[in-house]
Every structure is written in structure tokens, then in C-alpha cells.
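Engineer: Predicted structure and sequence below. I'll ask about it afterward.
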Amino acid sequence: MKTKFKFILLISIGIITFILLSLFNENNMKASNPIVSQTEIPTVENTSPSTEPDATSLDIPTIPQNVHEDLHYLWDFTFSGRYDARMTDDFSLTLMDKSGQVHGVYTLFDHFNVEEQTIKVLSYESDDLTPPSQHNLYWFESQNGGLFVDTDYYSLDNQVFIAYLWSNIEGMYTNKGVAVGSTESNLLLTYENDLYYLEKDETLSETRSNLLSYIEFVDLNLATLEKKYDFEYAFLWQPFTPETNEIRDITFFIKQSKVIGIEINMPPELRHVYGYDREHGLALTEAMRSKAVKDMSP
């Protein structure tokens, strides 16, 4: 009887020991391999670089490889700051007649997309160290004249901005309404301030101040162009102030008391300063304006 009891006791102890060991092993497995619910799985942020360029990178010019490291600072600007932010209707030409190849608004520093058919296009490198390193010249022709556009071209970024405008297309006008074909009196009474009278020699004395200096590159029919471009004197609208340091200007070319051409320019520095009596130029304009007012009086 005792032997039978001991046997049963040993079997019971073995069963209990087996159950306890099984529970212990199961708990260890759960600890080393926890079950994570779907809501507990942490999200992993994608830190890989985007293949699409952001707006900031598109606004910064790419420095050409041939630019020396010491000159990289010259390229430390943004397109929006150098061009877009400086755009103003004061330096624009408009032609609303859509019957010809040239029409629309052309504004200094605006992005330039060539849609019209050109008769000449020329690219040339800058002759100084400042960006851009390349320029594109465009000559458009219509039945009533021509439009010449010089542009700043950033080939690595495919960005083109208007840097110079000249037109003798009849009816093309500034934002104040003075057009090719307008009378001298209309010009004098419209631009009441900052308008300087220029003799012909003075008009042509400044670097990058006239279309003919450009056209030598383009090799157009100079005889025809000189006939169109011939003028007697000019008026320069130059709203410079030391506070704004505005050096852009507009030149109105006059022949037989009419505007025969308009030029809008962004020169590297203020024009018609050295060797030119600016006060005298303003005084001559004022005298001609007073005469125009007198002639209009009944």
C-alpha cells in the first residue's frame, strides 16, 4: 500500500513539474518574441532625398565650371531677387496689335519666352566677370518696324531674362502711353520730370547705348537699318535718385518732332554723367516743354 502511494506521488510530482516547466518555457518565448498589434507598429519616416527640385534650388543660379572659386561670390544671388523683384511697368514696351508677329508686353527683367518668329538670333559671351556669362540677342521684324531684345541667358538653368529693348514699330508704347509715332510735345507733357535733352553725339557716346553697336554683331542690312534709325536728337528719361540708385533709363529718339524709336536699357552704371551737363540738359527740356505748352494754347 505504501509502495503504491509513493508511486502515485512520484507520478503526480512529475506531471506538476512538467506543467511548470512548460509554462516557464512559454513565458520565455513570449518575452523574446513579443506579438505587436497592427496599431503598435511604428511608422518609419522616409528620409531619402526627393528627386524633384524644390523652389529654392530652382531660384539659385548654377555656377559654370569654368568660373574660378574666388569669383563664386558673384553668383550668390537668386533669380527672383535680381530680376522678378525689380520688374516695373515703367520700363516696358507694349504693342496690342495682334495682326503682326510682334505683340504683347515686353518688360525689362521679365522672363523671356520666344514665341514670335525672329529673323536673327545671336548668342555671345560676356566680356566681363559678372554673371550671366552668356547673352542671346533677338531681332523681330514687322510691317511697321522692328523689335530688338537682348537677354541675360543662364544656360545651365534654362533661364532667360530681358536685359535690353529697342523698337521702332509704329504704335509700340511705354506704360505712360508715349509711342513710336507720338509727337515730341506729347512726350514732353507726359514725362514731366527727369527728362534730359541729348544731342545726337551725346546720345551715341555711351557704351551699349544704341542699337547700331549691337547690330554689327548680327550682320543685318545696315543701310536699311540706319535709315530707320536715323534721328536728330533724343530725350533720356532717367529717374535716378541716390536713395533708390535707379540706373535704368528710357531713350526717345526724335526726328522731325516725332518719336521714331524707343530704347529701354539697364546699363552697368548711370549713363550720361561724365562730360555731360545734366542740369543744362534738364533746363533745355524745360524750355522745349514751355514752348510746347505755349504752342498748344489758343
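Structural biologist: Noted; the coordinates are in hand. Residues are numbered from 1 along each chain as shown.

Engineer: per-residue confidence at Phe217?
Structural biologist: Looking at Phe217, its pLDDT reads 49.

Engineer: Repeat that for His272.
Structural biologist: Reported pLDDT at His272 in the predicted model: 92.

Engineer: so where's the chain shaky on pLDDT?
Structural biologist: Along the chain, segments meeting pLDDT under 70 span 1-56, 115-119, 127-129, 207-229.

Engineer: where do the helices sit along it?
Structural biologist: 2-32, 55-58, 79-82, 184-190, 200-203, 211-218, 222-229, 278-296 (DSSP state H).

Engineer: Can you point out the buried residues in the fourth one?
Structural biologist: The one in question is helix 184-190. 184-188 (16 or more other C-beta atoms under 10 Å). All C-beta spots, glycine's among them, are computed from the backbone N, C-alpha and C.

Engineer: what do you get for the last one?
Structural biologist: Taking 16+ other C-beta under 10 Å as the neighbour-count basis, helix 278-296 is seen to contain the buried residues 281, 284-285, 288-289, 292.

Engineer: which strands and helices sit next to it?
Structural biologist: helix 184-190, strand 195-199 (3 or more C-beta pairs under 8 Å, 6 or more residues apart in numbering; DSSP states H and E).

Engineer: is it possible to export the ones you listed to TSV including distance to Ile254?
Structural biologist: Listed next are the helices and strands packed on helix 278-296 as TSV, based on distance: least, C-beta to C-beta, whole Å:
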stretch	distance to Ile254
helix 184-190	6
strand 195-199	10
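
Engineer: Which one of these lies nearest to Lys258?
Structural biologist: Closest to Lys258 of these is helix 184-190 (C-beta to C-beta; 6.6 Å).

Engineer: helices or strands up against that closest one?
Structural biologist: strand 258-265, helix 278-296.

Engineer: coming back round to it: next, format the buried residues of helix 184-190 as TSV and append distance to Thr107.
Structural biologist: Below are the buried residues of helix 184-190 laid out as TSV (distance: C-beta to C-beta, whole Å):
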residue	distance to Thr107
Glu184	25
Ser185	27
Asn186	22
Leu187	20
Leu188	24
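
Engineer: of the buried residues of helix 278-296, closest to Lys120?
Structural biologist: Nearest to Lys120 among those, with distances taken as C-beta to C-beta, is Gly281, at 34.0 Å.

Engineer: who touches the residue nearest to that closest one when sequence neighbours are not counted in this structure?
Structural biologist: Nearest residue to Gly281, sequence neighbours excluded (C-beta to C-beta, 6 or more residues apart in numbering): Tyr196, at 3.8 Å. For Tyr196, the contact set (C-beta atoms under 8 Å, 6 or more residues apart in numbering) comprises 235-238, 272, 278, 281-282, 285.

Engineer: What's the separation between Tyr196 and Glu141?
Structural biologist: Applying C-beta to C-beta, to the nearest Å, the value for Tyr196 to Glu141 is 30 Å.

Engineer: Check Thr78 too.
Structural biologist: Counting by C-beta to C-beta, the gap from Thr78 to Glu141 is 35 Å.

Engineer: Please identify which of the two sits among more neighbours.
Structural biologist: Glu141 (19 against 14; other C-beta atoms under 10 Å).

Engineer: Now do Ala163 against Val178, distance only.
Structural biologist: In terms of C-beta to C-beta, Ala163 sits 22 Å off from Val178.

Engineer: Cool, thanks, talk later.
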